[in-house]
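> Predicted coordinates and the sequence they were generated for:
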Amino acid sequence: MSKTLIVIDMQNDFIDGSLGTKEAHAIVSNVAKKIKEYKERGDKIYVTQDTHYEDYLNTYEGKHLPVEHCIANTDGWQLNDEVYNVLKNTNATYILKHTFGSIELVNKIKEYISENNIDQKQYSIELIGLCLDVCVISNAVLIKTAFPEANVSINLDCTAAVTPKTFNATKIVMKSLQIEDKYV
């Protein structure tokens, strides 16, 4: 079985910055271990970075979440140091995304599947990162839609939501969408 890891938005602002939570901080070491596992096997890794600009508060998202975060080239936009360090010397593909889900990510996965002649039924895609109830689930839904025969899962030991309540609510949605839950 071919395996791919998707690391969603493990950025400073979501961990200990403007939108950080203690739950997000608590998953960092699990995320680093999971990346290392894929790195050691030589599996494909994709990394997304939420990316906004100085006009963020004037965007649709900014009007509904009026907290500046992940402004390009700021410290908050950077990947967490522990995550960044374990990603060094990997085959990771980095994607800057400007909204919750990334069509570019889906297209990159399509290219990878095509170039490597991978059968979806023999393909496992595991998502980790932040935030479960926004960007992780958004990308999981896009991926499951594009690759309905692939095994798409979210590792719940390697993700956190905005609140514990939305974490539990997202688990229910995952089950309805046939997105598996995994644990380290």
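Perfect, I can see it now. Keep in mind the model is a prediction, meaning the values are calculated, not measured. Residues are numbered from 1 along each chain as shown.
> Distance check, Leu79 against Arg41.
Applying Cβ to Cβ, to the nearest Å, the value for Leu79 to Arg41 is 21 Å. From N, CA and C alone the C-beta is placed, and that goes for glycine too.
> More neighbours: which of these two?
For Leu79 versus Arg41, neighbours defined as other Cβ atoms under 10 Å are more numerous around Leu79 (18 against 9).
> Just grab the bridge partners of that one for me.
Per DSSP bridges, the residues bridged to Leu79 are Gln11.
> my guess is it meets Gln49, correct?
Yes - between Leu79 and Gln49 a contact is recorded at 6.9 Å, counting by Cβ atoms under 8 Å.
> where do the contact lists of the two overlap?
Taking Cβ atoms under 8 Å, 6 or more residues apart in numbering as the contact rule, Leu79 and Gln49 both touch Gln11.
> Which helix in this protein has the most residues?
helix 22-41 (DSSP state H).
> so after it, what's the next helix or strand?
strand 44-50 (DSSP states H and E).
> buried residues in that next one?
For strand 44-50, burial by neighbour count (16 or more other Cβ atoms under 10 Å) applies to Lys44, Ile45, Tyr46, Val47, Thr48, Gln49, Asp50.
> what's the burial count for Asp157?
Neighbours around Asp157, by other Cβ under 10 Å: 16.
> go on, Val136?
For Val136, using other Cβ under 10 Å, the count is 29.
> Okay, helices next: where are they in the protein?
Using DSSP H, helices in the chain cover 12-15, 22-41, 60-64, 81-87, 103-115, 137-146, 164-176.
> what residues are up against His25?
Ile15, Asp16 are the contacts of His25 under Cβ under 8 Å, 6+ apart.
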